[in-house]
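Trainee: the sequence and its predicted three-dimensional model are supplied below.
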Amino acid sequence: MIGRRPTAGLLVDLAIVVLLSGCASSATSSPSPLTSTVQCQAELADLESEPSASPRALPPEYGLTWSRVPPGQALQASARPWPPGAIVAGPNSFVARDGGDLWVSTSGVGWSPVPNFSRYPLGVTSLGRGGLGFLALSGVLSLSDVWTSRDGQAWCLLSESLNGGFTDMVTVGATLVAVGASSSGPSLGQSAWFSEDARDWVEVSAGPGGEDWYIDLLVPGEPGVVALGRSTSMDSSSRWMAWLTVDGQQWSPGLILPDRDLRIEDAISWGSGFIAVGGFYKGSGFGDGAVWRSADGLHWTREQSDPVLPWLTHVVSGGDGLLAVGDASTPTGSCGQEVWTSADAVNWRRVATFCGQEVYGLDGNGQHLVAVGLDGDSAAVWVSP
């Protein structure tokens with residue numbers, strides 16, 4: 001899944017982008033590290049014939065011990081990363097998004113910038129796994145460019161200036177599936193699209209979203225791709241809905257999760273089903289964390305976690321089975337983030353604390369887990385093991 005596009009605090013930025021876009025084309029820049037779009041689309045069409053990689057045995061300390069990467073070997077940009085989707089792991093490399101810029105590393109220690117990635121002043125708006133390995137979106141307002149890369153260093157432009165305002169994208173086989181803002185066509189508000197060649201896109205007439213729901217997450221898994229979205233109605237008590245597609249073209253009718261006053265921050269496929277994490281609102285603030293499980297992507301139940309968890313923001317496979325990051329709280333206020341691990345999504349144990357620090361993204365590839373975020377005002381990177 002690609003990290004959702006931030007909405008709060010960007011109105012001024014978007015206004016500046018509109019003013020700058022008229023003069024951006026006249027700026028002189030060095031060539032971007034792009035491969036042929038035609039070649040890239042041909043490789044994408046062959047994805048279904050490629051054998052799946054064998055799962056790696058996790059190192060014993062995977063997710064259990066962490067170390068801070070020295071500042072000279074971490075991200076150098078000072079921009080605040082936008083959560084989630086701040087980092088995505090591939091088989092042999094990691095790509096991180098710091099503001100609108102992309103950085104690449106083989107292990108999380110030592111990072112190189114990807115120069116001149118986007119023609120838009122806003123830069124990269126979201127990042128995820130899919131396509132040839134990595135997917136990225138860039139754009140302004142309702143226009144979107146779709147990029148893909150095998151290694152995070154050489155990128156190619158799959159689709160240009162799409163009128164959809166895409167906020168998230170995944171692949172099902174060789175089919176691209178996207179969600180975003182629709183201003184026309186079958187559905188106003190949020191909608192879904194699919195493409196089998198990355199050139200021609202079809203808006204789904206009966207898919208996730210609509211006028212009353214905002215799609216936050218797309219999660220590929222064994223049963224298909226799950227879309228998780230929250231109600232935009234003021235009287236909805238923070239309700240969430242799930243939709244499922246097995247081919248990207250036909251979507252099942254959405255089912256509303258039974259819980260109220262919740263927020264889902266992250267979700268992954270796990271085993272033959274799905275795991276989601278987040279928490280429940282308490283008054284005007286954040287309350288206890290929560291974990292939900294689903295076998296089919298549509299029917300979700302909340303696990304009775306032991307002990308009570310903090311508000312959870314990220315989840316990946318690792319540690320004893322699952323690894324989650326949550327906001328830690330103390331009697332004097334927020335301490336930062338805690339790392340929790342579980343073998344069954346019910347019984348959890350805390351294994352690390354990032355006190356006074358903020359984790360904005362977390363992902364792993366079976367060899368390394370890498371977290372990115374802030375330590376004070378500086379970008380920071382942590383690795384495990």
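Mentor: Sure, I can see it. Numbering: from 1, shown residues only.
Trainee: residues contacting residue 274?
Mentor: Listed by CB atoms under 8 Å, 6 or more residues apart in numbering, the contact set of residue 274 reads 219, 221, 226, 267-268, 293-294, 297. (Glycine included, C-beta is placed from N, CA and C.)
Trainee: same thing but 6 Å
Mentor: Taking CB atoms under 6 Å, 6 or more residues apart in numbering as the contact definition, residue 274 lies against 221, 226, 294, 297.
Trainee: state the distance from it to residue 296.
Mentor: 9 Å (CB to CB, to the nearest Å).
Trainee: any chance of the contacts of residue 274 in TSV, plus distance to residue 321 and secondary structure?
Mentor: TSV is the format used below for the contacts of residue 274 (distance: CB to CB, whole Å; DSSP: H, G, I helix; E, B strand; the rest coil):
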residue	distance to residue 321	secondary structure
221	16	coil
226	20	strand
294	17	strand
297	20	coil
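Trainee: now, the most widely separated pair of those?
Mentor: Pairwise distances across those (CB to CB) peak at 9.2 Å, for the pair 221 and 294.
Trainee: give me the element residue 260 is part of.
Mentor: Using DSSP states H and E, residue 260 falls within no helix or strand.
Trainee: what's the neighbour count on it?
Mentor: If you count neighbours by other CB atoms under 10 Å, residue 260 ends up with 13.
Trainee: picking that back up, higher neighbour count, residue 221 and residue 294?
Mentor: A direct count of neighbours by other CB under 10 Å for residue 221 and residue 294 places residue 294 higher, at 25 against 20.
Trainee: isn't that one right up against residue 302?
Mentor: No. Using CB atoms under 6 Å as the test, residue 294 is too far from residue 302 to be in contact (10.7 Å).
Trainee: low pLDDT regions in this structure?
Mentor: 1-36, 47-57, 76-85, 99, 116-122, 141, 183-188, 234-237, 329-334 (pLDDT under 70).
Trainee: can you give me the end-to-end span of stretch 149-169?
Mentor: In stretch 149-169, first residue to last residue: 14 Å (CA to CA, to the nearest Å).
Trainee: mind listing what's buried in it?
Mentor: 149-152, 155-159, 162-169 (16 or more other CB atoms under 10 Å).
Trainee: select from these every entry located in strands.
Mentor: 149, 155-159, 162-163, 166-169 (DSSP state E).
Trainee: quick one on the thing from earlier: ok, so of the contacts of residue 274, who is nearest residue 59?
Mentor: residue 221 (24.5 Å).
Trainee: which residues touch that closest one?
Mentor: 269, 274.
Trainee: now with 7 Å?
Mentor: 269, 274, 297 (CB atoms under 7 Å, 6 or more residues apart in numbering).
Trainee: ok, residue 355 next?
Mentor: Neighbour list for residue 355: 335-336 [criterion: CB under 7 Å, 6+ apart].
Trainee: again, only using 8 Å
Mentor: 328, 335-336.
Trainee: and residue 194, by the same measure?
Mentor: By CB under 8 Å, 6+ apart, the contact list for residue 194 reads 175-178, 201-202, 204, 248-249.
Trainee: what's the farthest-apart pair in the ones in strands among the buried residues of stretch 149-169?
Mentor: So for these, where distance means CB to CB, the most widely separated pair is 149 and 163, at 23.9 Å.
Trainee: any idea how far the nearest residue to residue 106 once chain neighbours are set aside is from residue 207?
Mentor: Nearest residue to residue 106 in three dimensions, chain neighbours excluded: residue 93, at 5.3 Å (CB to CB, 6 or more residues apart in numbering). Distance, residue 93 to residue 207, using CB to CB: 33 Å.
Trainee: show residues contacting whichever helix or strand residue 40 is part of.
Mentor: According to DSSP H and E, residue 40 maps onto helix 37-45. Residues from elsewhere that reach helix 37-45 (CB under 8 Å, 6+ apart): 131-132, 148, 156-158, 174, 197-199.
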